[in-house]
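# Fold the following.
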Amino acid sequence: MKQVFKATATKSKEGLQVETSSRNFKIIYDEPKQMGGTDKGINPVEALLTSLGACQAIVVAAFAEHHNFKYDGFSVEIEGDLDPEGFTGRNPNVRKGFTEIRYTMHFKTNEPKEKVEKFADFVEKTCPVTDTLENGVAIKRSGIVIE
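Numbering: from 1, shown residues only. Now for the predicted structure:
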(Lines give C-alpha, C1' and ligand atoms only; values in the text may rest on other atoms or scores of the structure.)
Protein backbone atom coordinates (compact mmCIF):
# COMPACT_ATOMS: atom_id res chain seq x y z
CA MET A 1 0.00 0.00 0.00
CA LYS A 2 1.33 3.40 -1.01
CA GLN A 3 2.36 5.76 1.79
CA VAL A 4 2.48 9.53 1.33
CA PHE A 5 5.44 11.38 2.82
CA LYS A 6 5.12 15.14 3.38
CA ALA A 7 7.55 17.99 3.93
CA THR A 8 7.59 21.78 3.87
CA ALA A 9 10.30 24.27 2.95
CA THR A 10 10.04 27.92 3.99
CA LYS A 11 12.48 30.65 2.98
CA SER A 12 13.79 32.36 6.11
CA LYS A 13 14.47 36.09 6.26
CA GLU A 14 18.24 35.57 6.52
CA GLY A 15 20.28 35.25 3.34
CA LEU A 16 19.60 32.07 1.39
CA GLN A 17 18.55 30.03 4.43
CA VAL A 18 15.55 27.72 4.18
CA GLU A 19 13.86 25.95 7.07
CA THR A 20 12.46 22.57 6.16
CA SER A 21 10.31 20.25 8.18
CA SER A 22 8.83 16.79 7.97
CA ARG A 23 6.87 15.20 10.79
CA ASN A 24 8.28 16.88 13.93
CA PHE A 25 11.79 17.44 12.58
CA LYS A 26 13.42 20.57 11.18
CA ILE A 27 16.53 21.06 9.06
CA ILE A 28 18.10 24.38 8.08
CA TYR A 29 19.57 24.56 4.59
CA ASP A 30 21.88 27.29 3.36
CA GLU A 31 24.58 27.91 0.80
CA PRO A 32 28.30 28.43 1.39
CA LYS A 33 29.43 32.04 1.64
CA GLN A 34 31.10 31.86 -1.79
CA MET A 35 27.66 31.02 -3.25
CA GLY A 36 25.95 33.96 -1.49
CA GLY A 37 24.79 32.14 1.63
CA THR A 38 25.66 32.43 5.30
CA ASP A 39 27.00 28.85 5.62
CA LYS A 40 24.61 27.94 8.47
CA GLY A 41 23.67 24.57 6.99
CA ILE A 42 24.26 22.15 4.16
CA ASN A 43 22.83 23.03 0.78
CA PRO A 44 20.14 20.98 -0.99
CA VAL A 45 22.52 19.08 -3.27
CA GLU A 46 24.69 18.15 -0.29
CA ALA A 47 21.50 17.01 1.44
CA LEU A 48 20.71 14.83 -1.56
CA LEU A 49 24.10 13.13 -1.17
CA THR A 50 23.61 12.64 2.56
CA SER A 51 20.11 11.27 1.94
CA LEU A 52 21.59 8.63 -0.34
CA GLY A 53 24.14 7.62 2.29
CA ALA A 54 21.60 7.66 5.12
CA CYS A 55 19.19 5.52 3.10
CA GLN A 56 21.88 2.94 2.38
CA ALA A 57 22.89 2.88 6.07
CA ILE A 58 19.27 2.34 7.12
CA VAL A 59 18.90 -0.52 4.62
CA VAL A 60 22.05 -2.12 6.04
CA ALA A 61 20.74 -1.86 9.60
CA ALA A 62 17.20 -2.97 8.72
CA PHE A 63 18.11 -6.01 6.64
CA ALA A 64 21.45 -7.31 7.97
CA GLU A 65 19.91 -9.78 10.40
CA HIS A 66 17.50 -11.12 7.77
CA HIS A 67 20.50 -11.74 5.49
CA ASN A 68 22.51 -13.27 8.33
CA PHE A 69 25.04 -10.50 7.76
CA LYS A 70 27.07 -9.50 10.79
CA TYR A 71 28.84 -6.16 10.95
CA ASP A 72 30.21 -3.83 13.61
CA GLY A 73 29.97 -0.61 11.62
CA PHE A 74 28.92 0.88 8.32
CA SER A 75 29.55 4.21 6.64
CA VAL A 76 29.43 5.51 3.11
CA GLU A 77 31.38 8.28 1.42
CA ILE A 78 29.44 10.06 -1.32
CA GLU A 79 30.52 12.65 -3.85
CA GLY A 80 28.82 14.17 -6.84
CA ASP A 81 29.83 16.29 -9.82
CA LEU A 82 27.79 19.46 -10.35
CA ASP A 83 28.73 22.49 -12.41
CA PRO A 84 27.20 25.68 -10.92
CA GLU A 85 27.35 27.28 -14.38
CA GLY A 86 24.17 25.32 -15.17
CA PHE A 87 21.82 26.30 -12.35
CA THR A 88 23.09 29.89 -12.19
CA GLY A 89 22.14 30.31 -15.84
CA ARG A 90 25.64 31.32 -16.92
CA ASN A 91 25.82 28.43 -19.36
CA PRO A 92 22.54 27.07 -20.77
CA ASN A 93 24.39 24.06 -22.23
CA VAL A 94 25.41 22.77 -18.78
CA ARG A 95 23.10 20.48 -16.84
CA LYS A 96 21.67 22.04 -13.68
CA GLY A 97 21.99 18.94 -11.53
CA PHE A 98 24.54 16.27 -10.81
CA THR A 99 26.17 14.61 -13.80
CA GLU A 100 27.49 11.73 -11.69
CA ILE A 101 27.27 10.52 -8.09
CA ARG A 102 29.85 8.10 -6.72
CA TYR A 103 29.96 6.35 -3.37
CA THR A 104 32.16 3.98 -1.44
CA MET A 105 30.64 1.70 1.18
CA HIS A 106 32.72 0.92 4.27
CA PHE A 107 31.76 -2.23 6.18
CA LYS A 108 33.42 -3.14 9.47
CA THR A 109 32.88 -6.88 9.33
CA ASN A 110 34.54 -10.27 9.35
CA GLU A 111 32.21 -11.58 6.63
CA PRO A 112 33.90 -12.95 3.48
CA LYS A 113 34.30 -10.53 0.57
CA GLU A 114 31.77 -12.37 -1.61
CA LYS A 115 29.09 -12.10 1.09
CA VAL A 116 29.83 -8.40 1.60
CA GLU A 117 29.58 -7.76 -2.14
CA LYS A 118 26.29 -9.66 -2.35
CA PHE A 119 24.86 -7.71 0.58
CA ALA A 120 26.09 -4.41 -0.92
CA ASP A 121 24.28 -5.34 -4.15
CA PHE A 122 21.12 -5.93 -2.13
CA VAL A 123 21.51 -2.55 -0.40
CA GLU A 124 21.87 -0.80 -3.76
CA LYS A 125 18.78 -2.53 -5.17
CA THR A 126 16.67 -1.90 -2.05
CA CYS A 127 17.45 1.74 -1.14
CA PRO A 128 14.51 3.99 -2.20
CA VAL A 129 16.80 6.99 -2.68
CA THR A 130 19.06 5.02 -5.03
CA ASP A 131 15.98 3.88 -6.95
CA THR A 132 14.66 7.45 -7.21
CA LEU A 133 17.99 8.82 -8.41
CA GLU A 134 18.62 6.03 -10.92
CA ASN A 135 15.11 5.84 -12.34
CA GLY A 136 13.83 9.37 -11.95
CA VAL A 137 10.45 10.39 -10.63
CA ALA A 138 7.60 12.50 -11.94
CA ILE A 139 7.61 15.91 -10.28
CA LYS A 140 4.33 17.79 -10.59
CA ARG A 141 3.37 21.18 -9.24
CA SER A 142 -0.02 20.63 -7.60
CA GLY A 143 -0.83 24.30 -7.14
CA ILE A 144 0.15 27.85 -6.34
CA VAL A 145 -1.25 29.75 -3.35
CA ILE A 146 -1.10 33.56 -3.26
CA GLU A 147 -1.32 34.86 0.30
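
# Which residues outside stretch 51-66 are in contact with it?
Stretch 51-66 has contacts (C-beta atoms under 8 Å, 6 or more residues apart in numbering) with 69-71, 74-78, 101, 103, 105, 119, 122-124, 126-130, 133. (Glycine included, C-beta is placed from N, CA and C.)

# mind redoing it with 10 Å?
If you take C-beta atoms under 10 Å, 6 or more residues apart in numbering as the criterion, stretch 51-66 is touched by 47, 67, 69-71, 73-78, 80, 101, 103, 105, 107, 109, 111, 119-120, 122-133.

# Which of the residues you listed fall in helices?
Within these, membership in helices is found for 47, 119-120, 122-126, 128-133, as judged by DSSP state H.

# Show me the domain layout of the protein.
1-41, 42-147 (automatic domain parsing).

# From the chain's centroid, how far away is the shortest one?
Right, domain 1-41. In terms of C-alpha atoms, centre = their mean, to the nearest Å, the gap separating the centre of domain 1-41 from the centre of its chain is 14 Å.
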